[in-house]
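In: using only what follows, build the 3D model:
(one chain, ligands or ions: 4)
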Amino acid sequence: MNWEDIYAHAQEWVKEAGNRIRSSFDQTLNIQTKSNPNDLVTNIDKEIEQFFIKKVRGVYPNHKILGEEGFGDDLKSLEGIVWLIDPIDGTMNFIHQQRNFAISLAVYENGIGKIGLIYDVVHDELYHAIRGNGAYLNEKSIPVLKSTTVKESIIALNATWVMENHRIDHNLMIPLVKDARGTRSYGTAALEMVFVATGRVDAYLSMRLSPWDFAAGAVIIEELGGVVTNLRGEKLDFLSQDSLFAANSGLHHSILKEYLKDGKW
Ligand code: IPD
Ligand code: CA
Ligand code: CA
Ligand code: CA
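Out: Numbering: from 1, shown residues only. Ligands and ions are numbered 1, 2, ... in the order given. From the prediction side, this is the model:
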């Protein structure tokens, strides 16, 4: 398998998809809801996923595809080469703000991340990595992550996890929020992961995400020495939904030990 060719194709297609999204900005969106009134999807999310599927199937007919909007394959395992595609991560931001969203594209082989691309379309910033070769923001190499302490860290998380909710005992997150230097929520898991990769935030925590939300980010963060697990500190399997905890390695270690170990995540 020529991974450099796959990497080049992935970059070319993600840029072309970005152009399509940019040219949709003056069109009226067709907006629908999925699991609840705030779970939104647009015609553009669907079109972009179908665009990638056509490209991948055209060149790599043996590869499999896992896409958020369901146009890919119905996968029971990650055997072989699998593309994990989130055509627009941060759809709510895309609709309301026309910014703060990204395309997330990853290529895995037998469950191991090989290629990760996250494209911030509005800023024309492509974060990308191929395993073993470091990570880049456009042409610029991203420096390896330095460890931080909780007191000097900015932590990205969604405010709902600190409010009463049906998933966790919300009190469990309060000490971490109190001790951190600050918190941020951007509403786009993919960009929150590249913010960890670039040190703009030091950690990102979420109670529940899907493989297409974190597959590309995991490749990029791990290339820079960061750590990506679920909130119990376990490896992700990239086929199922799970909680997510991404951080530089020192911070990952201390948050896990001092704040998360008693949680039932
Ligand atoms: C969502 C975003 C959001 C996260 C949600 C995801 P989508 O992805 O990443 O930040 O909190 O859980 O589902 O639906 O906009 O692709
Ligand atoms: Ca969605
Ligand atoms: Ca997503
Ligand atoms: Ca999406």
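
In: got the contact list for the closest residue to Asn248 other than its chain neighbours?
Out: What sits nearest to Asn248 in space, not counting adjacent residues and going by CB to CB, 6 or more residues apart in numbering, is Leu145, at 4.2 Å. C-betas here are computed from N, CA, C, even on glycine. Leu145 makes contact with 196-197, 199, 221, 224-226, 248-249 under the criterion CB atoms under 8 Å, 6 or more residues apart in numbering.

In: now with 6 Å, please.
Out: When the contact criterion is CB atoms under 6 Å, 6 or more residues apart in numbering, the partners of Leu145 are 224-226, 248.

In: can you report phi and psi for Ile118?
Out: Backbone dihedrals for Ile118, given as degrees, to the nearest 10, come out at phi -130, psi 120.

In: isn't it right up against Leu126?
Out: No: here Ile118 lies out of contact with Leu126, judged by CB atoms under 6 Å, at a distance of 7.6 Å.

In: for ligand 3, what's its nearest residue on the stretch 51-200 of the chain.
Out: Nearest to ligand 3 in the stretch 51-200 of the chain, going by CB to the ion, is Asp89, at a distance of 3.8 Å.

In: count of residues packed around the residue in the stretch 51-200 of the chain positioned nearest to ligand 1?
Out: Per CB to the nearest ligand atom, Ala189 is where the stretch 51-200 of the chain lies closest to ligand 1, at 3.4 Å. Residue neighbour count, defined by other CB atoms under 10 Å, stands at 25 for Ala189.

In: how about the contacts made by it?
Out: Remark: with contacts taken as CB under 6 Å, 6+ apart, Ala189 is in contact with 209, 213.

In: ok, now which ones touch the most centrally placed residue in the chain?
Out: For the chain, the residue whose C-alpha lies nearest the mean C-alpha position (CA atoms, centre = their mean) is Ala190; its distance is 3.0 Å. Neighbour list for Ala190: 89, 102, 104, 118, 217 [criterion: CB under 6 Å, 6+ apart].

In: out of Ile118 and Leu126, which sits in the busier spot?
Out: For Ile118 versus Leu126, the count of surrounding residues by other CB under 10 Å is larger for Ile118: 29 against 21.

In: that one and ligand 4, how far apart?
Out: For Ile118, the distance to ligand 4 under the criterion CB to the ion, to the nearest Å works out to 12 Å.

In: same deal with Ile103?
Out: Taking CB to the ion as the measure, Ile103 falls 9 Å from ligand 4.

In: so where does that residue fall, helix or strand?
Out: Using DSSP states H and E, the element containing Ile103 is strand 102-109.

In: so where do the helices sit in the stretch 1-150 of the chain?
Out: With DSSP state H, counting those that start in this stretch applied, the stretch 1-150 of the chain shows helices at 3-23, 43-59, 91-97, listed in chain order.

In: for Asn110, which of those is the nearest?
Out: Nearest to Asn110 among the helices of the stretch 1-150 of the chain is helix 3-23 (13.6 Å), distances taken as CB to CB.

In: which strands and helices sit next to the closest one?
Out: Based on contacts counted as 3 or more CB pairs under 6 Å, 6 or more residues apart in numbering; DSSP states H and E, the elements that helix 3-23 packs against are helix 43-59, strand 102-109, strand 112-120.

In: and the longest one, what's buried?
Out: Residues of helix 43-59 classed as buried by neighbour count (16 or more other CB atoms under 10 Å): 44-49, 51-53, 55-56.

In: let's have the residues you listed in CSV, adding distance to Phe25 and pLDDT.
Out: Compiled in CSV, the buried residues of helix 43-59 are given as follows (distance: CB to CB, whole Å; pLDDT from 0 to 100):
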residue, distance to Phe25, pLDDT
Ile44, 10, 98
Asp45, 14, 98
Lys46, 17, 98
Glu47, 14, 98
Ile48, 14, 98
Glu49, 19, 98
Phe51, 17, 98
Phe52, 20, 98
Ile53, 23, 98
Lys55, 22, 98
Val56, 26, 98
